[in-house]
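Enquirer: Return atomic coordinates for the entry below.
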Amino acid sequence: MSAPGTTLALDIGGTKILAALVEASAVVDSFEMATPRDGNPSGWLDTLSGHTAHWNGRYSRAGVAVTGIIDDGCWSALNKKTLDLPDRFPLTATVSALFACPAFAANDAQAAAWGEYRFGAGAGEDMVFLTISTGIGGGIIAGGRLLTGIAGHFGLFRLQDFEGSGAVDSALEDHISGHWMAGMAAAHEKAVTARYIFETARGGASWAEEIIATSARRTAILCRNVQLALDPSRIVIGGGIGLAPGFLERIEACLEDMPARLRPRLVAARLGDKAGVVGIADLANNQPENKGEMI
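Expert: Now for the predicted structure:
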């Protein structure tokens, strides 16, 4: 028998896949694997079901948070540089068949936004969640309701020659995120990660410091624009880069010269890498029976 309120939560990002059993805001068990780069989500989910087979019978519903967009239970990539997959992959149908339970799906950053709003740094206030990681995602809570569809996909804001970069019609996240940082580092060291760049900056490498400072400055511009567009009570910053030591403080330093009324209030996410599974579990638990719409 499944425990009352126990939900299977899956969070599929550009770097890793996290599966968890969630009760309210508590993750009671979890499994993590790297996200394959072969463009075959059916295979990923089949592998995941095998690794979590010992959980069978412990849950009665599933929630799936993914990078990209969900329409009618189908999953499509919005930036194939972050994660490539077939358009309109039947995500909820595949998960329901593999895990033998009803499934609900949402964008991963939107799910994380809901998790932070309900159980973390959002404190129940209208807010924007911004995750800086492999890519950039976001979520918006307005009037106590999560905006779904393509709302909050801040990383896909279009740019023309951003800060003299010469890029034409490119995505914002391609100038800030972990992928961008690793690409910029290639001129100095090969095959490095964002984590390594932060470690190298702490060791005094000026090139690493400049990459981080540029990413933080551009994130500050994004936060200014979000504040002017939506005027949220707070912007919650998450993700592996967003929560890296000193990154939030760098963003705030770039905003110091703004008038107080226009300056965003930035707070660090509290749920860490569990925000997505906690949020999607809560969303899945609150769906009307046999319906896909958000309540």
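Enquirer: So which residues of the chain form helices?
Expert: Taking DSSP state H as the test, the helices found in the chain are 41-51, 91-99, 108-119, 178-185, 194-202, 206-230, 247-254, 275-285.
Enquirer: Need the per-residue pLDDT for K291.
Expert: Looking at K291, its pLDDT is 42.
Enquirer: among the helices of the chain, which is nearest V64?
Expert: helix 91-99 (5.5 Å; Cβ to Cβ). C-beta: built from backbone N, CA, C; applies to glycine.
Enquirer: So which elements touch that closest one?
Expert: helix 41-51, strand 62-66, strand 74-76, strand 103-107 (3 or more Cβ pairs under 8 Å, 6 or more residues apart in numbering; DSSP states H and E).
Enquirer: can you give me the mean pLDDT across the second one?
Expert: The average of the pLDDT scores along strand 62-66 is 97.
Enquirer: Please apply the same query to the first one.
Expert: Helix 41-51 carries an average pLDDT of 96.
Enquirer: Likewise for the last one?
Expert: Mean pLDDT, strand 103-107: 96.
Enquirer: Any idea how far that strand is from the middle of the chain?
Expert: Strand 103-107 sits 14 Å away from the centroid of its parent chain (Cα atoms, centre = their mean, to the nearest Å).
Enquirer: just the CA coordinates of it, formatted as PDB?
Expert: The C-alpha trace of strand 103-107 is given here as PDB (Å, rounded to 0.1, in the frame of the first residue of the first chain):
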ATOM      1  CA  ALA A 103       1.200  11.400 -13.900                       C
ATOM      2  CA  PHE A 104       1.300  15.200 -14.000                       C
ATOM      3  CA  ALA A 105       4.100  17.200 -15.600                       C
ATOM      4  CA  ALA A 106       5.400  20.800 -15.500                       C
ATOM      5  CA  ASN A 107       8.500  22.800 -16.400                       C
END
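Enquirer: tilt between it and helix 108-119?
Expert: Orientation of strand 103-107 against helix 108-119 (axes from the mean of the first three to the mean of the last three Cα atoms, to 10 degrees) gives an angle of 100 degrees.
Enquirer: Where does pLDDT dip in the stretch 151-295 of the chain?
Expert: Filtered on pLDDT under 70, the stretch 151-295 of the chain yields the residue ranges 160-168, 288-295.
Enquirer: So for stretch 141-154, what gets flagged as buried?
Expert: Residues of stretch 141-154 classed as buried: 141, 146-148, 152-154 (neighbour count, 16 or more other Cβ atoms under 10 Å).
Enquirer: go on, stretch 83-91?
Expert: Buried residues in stretch 83-91 (16+ other Cβ under 10 Å): 83, 85, 89-91.
Enquirer: Same check on stretch 32-46?
Expert: So stretch 32-46, judged by 16+ other Cβ under 10 Å, has buried residues 35, 41, 44-45.
Enquirer: Closest one to T193 out of these, please.
Expert: Using Cβ to Cβ, the buried residues of stretch 32-46 come closest to T193 at T35, 14.4 Å.
Enquirer: okay, the helices of the chain in JSON lines with distance to D11 next?
Expert: Below are those laid out as JSON lines (distance: least, Cβ to Cβ, whole Å):
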{"stretch": "helix 41-51", "distance to D11": "11"}
{"stretch": "helix 91-99", "distance to D11": "12"}
{"stretch": "helix 108-119", "distance to D11": "6"}
{"stretch": "helix 178-185", "distance to D11": "17"}
{"stretch": "helix 194-202", "distance to D11": "19"}
{"stretch": "helix 206-230", "distance to D11": "22"}
{"stretch": "helix 247-254", "distance to D11": "21"}
{"stretch": "helix 275-285", "distance to D11": "4"}
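Enquirer: who wins for proximity to D29 among the ones you listed?
Expert: helix 275-285 (11.0 Å).
Enquirer: Now do D87 against T148, distance only.
Expert: 19 Å (Cβ to Cβ, to the nearest Å).
Enquirer: ditto for D273
Expert: D273 is 22 Å from T148, by Cβ to Cβ.
Enquirer: just so I know, which of the helices and strands packed on helix 91-99 lies nearest V192?
Expert: Taking the helices and strands packed on helix 91-99 one by one with Cβ to Cβ, helix 41-51 is closest: 25.6 Å.
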